[in-house]
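Asks: Next comes the sequence, and after it the predicted model I'd like to discuss.
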Amino acid sequence: MTAIAPSKLALVPFVSVENMMRIIKEIGIEKLLCELAGYIEEDFKRWQTFDKTPRVAAHSKEGVIELMPTSDGELYGFKYVNGHPKNQSEGFQTVTAFGVLSNVSNGYPVLFTEMTILTALRTAATSAVVAKYLAPGNAKTMALIGNGAQCEFQAFAFKKICDIETVRLYDVDPVATKKTAENLAKVGLNVISCSTAKDAVEGADIITTCTADKKYATILTDDMVRPGVHVNAIGGDCPGKTELDKEILLRSDVFVEYTPQTRIEGDIQQLDENFPVTEMWQVMTGQAVGRCSAEQITVFDGVGFATEDFSALRYIKQQLEVTGHFTMLDMLADPEDPRDLFGMVQRVIADEPLMAEVV
């Protein structure tokens, strides 16, 4: 078969896992988280420009596979992501993802990228951006309950963006806590490993829950949350999965990304559909109040929304020219005559039969 060099229009920039790590290394993880947080906040502030829909989910007893699409009218982005809590015991990642960014004007993709690492970064950056508006002003200590793949990214983001100095770790699996403590040992944080969740929240100004089990759970009981605390509840991401005692929600001001999605997937799925919540874009644009008193309990019921992935895709696209860490993939058929796709194929395989002769 004759080889044909792809045209320029056939090529799409691709960021592999290796190149994503090279981008992080070149920029630096704290600087990258800070810059990414800026993109996320900027897009929250132009919330009305985006198409918005709850993610498209295919649930099974093993987990969930989801598509998360959105567009601002100029660019279209989507992420493919799974969530399978059982995977860890089988040697697989709980969450894997990839994403695409395209021009709305012609539908051509302008970026393909891994998003397993990028999702961890954008989730942490989103949590820290939200905490700027909701956490107590002099917060220095954060409890991290659930010490899996997301945990260290949260610690770095809150250190850089919110000036957290101490993290108190707890996981039902002591090996996970040991792993996290070792990873954070030399990054400028005071790291304390705790034997219970109640011990971990002692003295914490911010409590982050990032657990993985796909079930109704009570990671935080009502007595564990004192007045003035900010709860960053990010483990919820599907129906039937919760982390907070509903009594915590009933005495807190609850903030969400996109209400229709969070009522299905977040901790507020435990409550009446009329339970009042505030969307974060309203707070960031000054249309609603975030933290308003020292005694107020704030809860971010974060399930992850497509605009955050859009922000992350937009950010990585901007870094390609700066870092050069990408390859070009021959992904789009580009015949000389756009109407003659078959002719392009035929010219390449003219010396081979296209189909068996019908007898």
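Replies: Okay, I see it. Numbers count the residues shown, from 1 in each chain.
Asks: okay, CA-based contacts and neighbour counts for the rest of this
Replies: Fine.
Asks: can you list the weak-confidence ranges in the protein?
Replies: Along the chain, segments meeting pLDDT under 70 span 1-4, 213-214, 351-359.
Asks: ok, now with 80
Replies: 1-5, 212-216, 236-238, 350-359 (pLDDT under 80).
Asks: Show the residue spans covered by the helices in it.
Replies: Assigned by DSSP state H, the chain shows helices spanning 17-27, 29-44, 116-134, 151-162, 174-183, 197-201, 246-250, 259-265, 280-284, 306-323, 341-348.
Asks: could the ones you listed go into TSV alongside distance to V110?
Replies: As requested, the helices of the chain are arranged in TSV below (distance: least, Cα to Cα, whole Å):
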stretch	distance to V110
helix 17-27	16
helix 29-44	18
helix 116-134	17
helix 151-162	27
helix 174-183	35
helix 197-201	44
helix 246-250	42
helix 259-265	28
helix 280-284	27
helix 306-323	8
helix 341-348	21
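Asks: E273 is nearest to which of those helices?
Replies: Closest approach to E273 among those is made by helix 259-265 (7.1 Å; Cα to Cα).
Asks: Give me the residues contacting that closest one.
Replies: Applying Cα atoms under 8 Å, 6 or more residues apart in numbering, the contact partners of helix 259-265 are 53-55, 236-241, 256, 268-269, 273, 277, 279, 301-303.
Asks: now do 6 Å
Replies: Helix 259-265 has contacts (Cα atoms under 6 Å, 6 or more residues apart in numbering) with 54, 237-239, 269.
Asks: Kindly report the same for stretch 321-334.
Replies: Under Cα under 6 Å, 6+ apart, the answer for stretch 321-334 is 10-15, 19.
Asks: that older thread, the helices of the chain: which one's closest to T221?
Replies: Nearest of those (Cα to Cα): helix 246-250, 7.5 Å.
Asks: buried sites along the closest one?
Replies: 246, 248-249 (16 or more other Cα atoms under 10 Å).
Asks: Could you check how many residues crowd around D334?
Replies: 17 (other Cα atoms under 10 Å).
Asks: Could you do A181 as well?
Replies: Neighbourhood size, A181 [other Cα under 10 Å]: 20.
Asks: and the gap between it and Y216?
Replies: 28 Å (Cα to Cα, to the nearest Å).
Asks: what does L184 give?
Replies: 30 Å.
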